[in-house]
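S.K.: predicted model follows, preceded by the sequence.
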Amino acid sequence: MARKKIALIGSGQIGGTLALLAGIKELGDIVMFDIAEGTAKGKALDIAQASAVEGFDAKLSGTGTYEAIEGADVCIVTAGVPRKPGMSRDDLLGINLKVMEQVGAGIKKYAPNAFVVCITNPLDAMVWALQKFSGLPADKVVGMAGVLDSSRFALFLAEATGVSIEDIHAWTLGGHGDDMVPMVRHSTVGGVPLNQVVKSGWLNQDKLDAIVERTRKGGGEIVALLGNGSAFYAPAASAIAMAESYLKDKKRVLPAAAYLTGQYGVKDMYVGVPVLIGSTGVEKIIEFDLDKSEQDMFAKSVASVKGLVDACKTIAPDLAK
Ligand SMILES: NC(=O)C1=CN([C@@H]2O[C@H](COP(=O)(O)OP(=O)(O)OC[C@H]3O[C@@H](n4cnc5c(N)ncnc54)[C@H](O)[C@@H]3O)[C@@H](O)[C@H]2O)C=CC1
Ligand SMILES: O=C([O-])CC(=O)C(=O)O
């Protein structure tokens, strides 16, 4: 069986980590693309040299031309700019929208059958625009944020309860902004829902509230610490989990920004919800039953995403068609 081809569009901090993880996991041969061609070529060569030490079989190459991604099975998009301290993700919209236009055209021409995972921020609006610019079916274009947000939620819960991270199942819904919705009722520690964990005195309510708040602002916490960029290890690991579920038809249920056609009462927008990812892409959108307060928080988050999508349509009127 021929190896799969994985195109990484953007070879910066996340792109480099994606290439290393995809190599170590032997997901396929890897093409790293970047407008800074030397960065793509240099990182590809560096990681290829690591394959001799780590003992993985994967061909790595770097490029500055879209022809090289021809026939890719998976494209993971990180092209664009990250935020700096003092900025919000939304401040990146204007510049990264232009990047999505170029990337969408490249994927449309050379990798129209790929499963596309967008990471570029502001995520929910950028994945929406990338799907439109590329013209690929909406069930083959998803955004990565929920896996990352819920992995932050899980880590903080593991630390607070002293339970292995493997036995924590945490969920978040909504857009990838500070008003995302950590799903307290649906998240579990050792199989026990968080509300019950609090009732039994294992975790107190104030601590849980602080964890929810820290999860919502998890990206900003790292931006402030790094000082010159944003998180990249966990974002890369998160996107690789999504790509792997597609490539191996694992049918994992993962939170992702997916195109909604009425689910959760939302239409023609990408918002974070649990999805089943298999060999045809997004095979199912899972609908949690939301109570009134969850619905209100979700609606607030969706309204923020809608504001960003409307801003995209103003900048690029063709997207409104
Ligand atoms: N969805 C999520 O959960 C997360 C999203 N992000 C976002 O991911 C994006 C990438 O982050 P990093 O890798 O840390 O940034 P980075 O700056 O290290 O890498 C971005 C790369 O994109 C390249 N690039 C810029 N314009 C391009 C174009 N037109 N075509 C091709 N390549 C282009 C740059 O040369 C650079 O190498 C940022 O927008 C960041 O905000 C970051 C973390 C989590
Ligand atoms: O916060 C940022 O700018 C990067 C990001 O989306 C995250 O780490 O969640």
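M.R.: Now that the structure is in, tell me what you want to look at. Residues are numbered from 1 along each chain as shown. Ligands and ions are numbered 1, 2, ... in the order given.
S.K.: which positions in the stretch 1-150 of the chain make contact with ligand 2?
M.R.: P82, R83, R89, N121, L148 (Cβ under 6 Å from any ligand atom). The C-beta positions use only the backbone N, C-alpha and C, and glycine is treated the same way.
S.K.: format the residues you listed as TSV; extra columns: neighbour count and pLDDT.
M.R.: Putting these into TSV (neighbours: other Cβ atoms under 10 Å; pLDDT from 0 to 100) gives the following:
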residue	neighbour count	pLDDT
P82	23	98
R83	18	97
R89	26	96
N121	27	98
L148	24	98
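S.K.: nearest to G42, of those residues?
M.R.: Of all these, G42 sits closest to P82, with 19.4 Å by Cβ to Cβ.
S.K.: what's near enough to touch the residue nearest to the spatial centre of the chain?
M.R.: The residue lying closest to the centre of the chain (Cα atoms, centre = their mean) is M144, at 1.2 Å. By Cβ atoms under 8 Å, 6 or more residues apart in numbering, M144 lies in contact with V117, C118, I119, L123, P235, S238, A239, M242, A256, A257.
S.K.: phi and psi next, for it.
M.R.: phi -100, psi 120 (degrees, to the nearest 10).
S.K.: can I get the residues of the stretch 1-150 of the chain next to ligand 2 in a markdown table including distance to ligand 1 and secondary structure?
M.R.: Output for these, formatted as a markdown table (distance: Cβ to the nearest ligand atom, whole Å; DSSP: H, G, I helix; E, B strand; the rest coil):
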| residue | distance to ligand 1 | secondary structure |
| --- | --- | --- |
| P82 | 4 | coil |
| R83 | 6 | coil |
| R89 | 6 | helix |
| N121 | 3 | coil |
| L148 | 4 | helix |
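S.K.: in those, find the pair that's most separated.
M.R.: For those, the farthest-apart pair by Cβ to Cβ is R83 and L148; their separation is 14.9 Å.
S.K.: all strands of this protein, in order?
M.R.: All strands of the chain, identified by DSSP state E, fall at 5-9, 29-33, 60-63, 74-77, 115-118, 141-143, 168-169, 172-173, 181-182, 188-189, 192-193, 252-261, 267-278, 281-285.
S.K.: what's the closest non-adjacent residue to the residue nearest to the centre of the chain?
M.R.: Using Cβ to Cβ, 6 or more residues apart in numbering and skipping the chain neighbours, the partner closest in space to M144 is A239 (4.4 Å).
S.K.: surely that neighbour touches T17?
M.R.: No. Using Cβ atoms under 8 Å, A239 is not in contact with T17; the gap is 9.4 Å.
S.K.: those two: which has the busier surroundings?
M.R.: A direct count of neighbours by other Cβ atoms under 10 Å for A239 and T17 places A239 higher, at 30 against 22.
S.K.: identify the residues contacting the residue in the stretch 101-250 of the chain that ligand 2 sits nearest to.
M.R.: Proximity of the stretch 101-250 of the chain to ligand 2 (Cβ to the nearest ligand atom) peaks at G219, 2.2 Å away. By Cβ under 8 Å, 6+ apart, the contact list for G219 reads R89, H176, S230, A231.
S.K.: and T215, by the same measure?
M.R.: Contact analysis of T215 by Cβ under 8 Å, 6+ apart lists D149, R152, F153, F156, T172, M180, P182.
S.K.: let me know the closest of those to S304.
M.R.: Relative to S304, the closest of the contacts of T215 is M180; by Cβ to Cβ it sits at 9.4 Å.
S.K.: show the contacting residues for the nearest residue to that closest one once chain neighbours are set aside.
M.R.: Using Cβ to Cβ, 6+ apart and skipping residues adjacent in sequence, the residue nearest M180 is G174, 4.7 Å away. Applying Cβ under 8 Å, 6+ apart, we find G174 in contact with M180, V181, V271, G272, M297, F298, S301, V302, V305.
S.K.: export those to JSON lines and tack on pLDDT, neighbour count and distance to Q196?
M.R.: Formatted as JSON lines, the contacts of G174 follow (pLDDT from 0 to 100; neighbours: other Cβ atoms under 10 Å; distance: Cβ to Cβ, whole Å):
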{"residue": "M180", "pLDDT": "94", "neighbour count": "30", "distance to Q196": "23"}
{"residue": "V181", "pLDDT": "94", "neighbour count": "27", "distance to Q196": "19"}
{"residue": "V271", "pLDDT": "98", "neighbour count": "29", "distance to Q196": "28"}
{"residue": "G272", "pLDDT": "98", "neighbour count": "31", "distance to Q196": "25"}
{"residue": "M297", "pLDDT": "96", "neighbour count": "18", "distance to Q196": "20"}
{"residue": "F298", "pLDDT": "97", "neighbour count": "25", "distance to Q196": "22"}
{"residue": "S301", "pLDDT": "97", "neighbour count": "24", "distance to Q196": "25"}
{"residue": "V302", "pLDDT": "97", "neighbour count": "23", "distance to Q196": "28"}
{"residue": "V305", "pLDDT": "97", "neighbour count": "25", "distance to Q196": "31"}
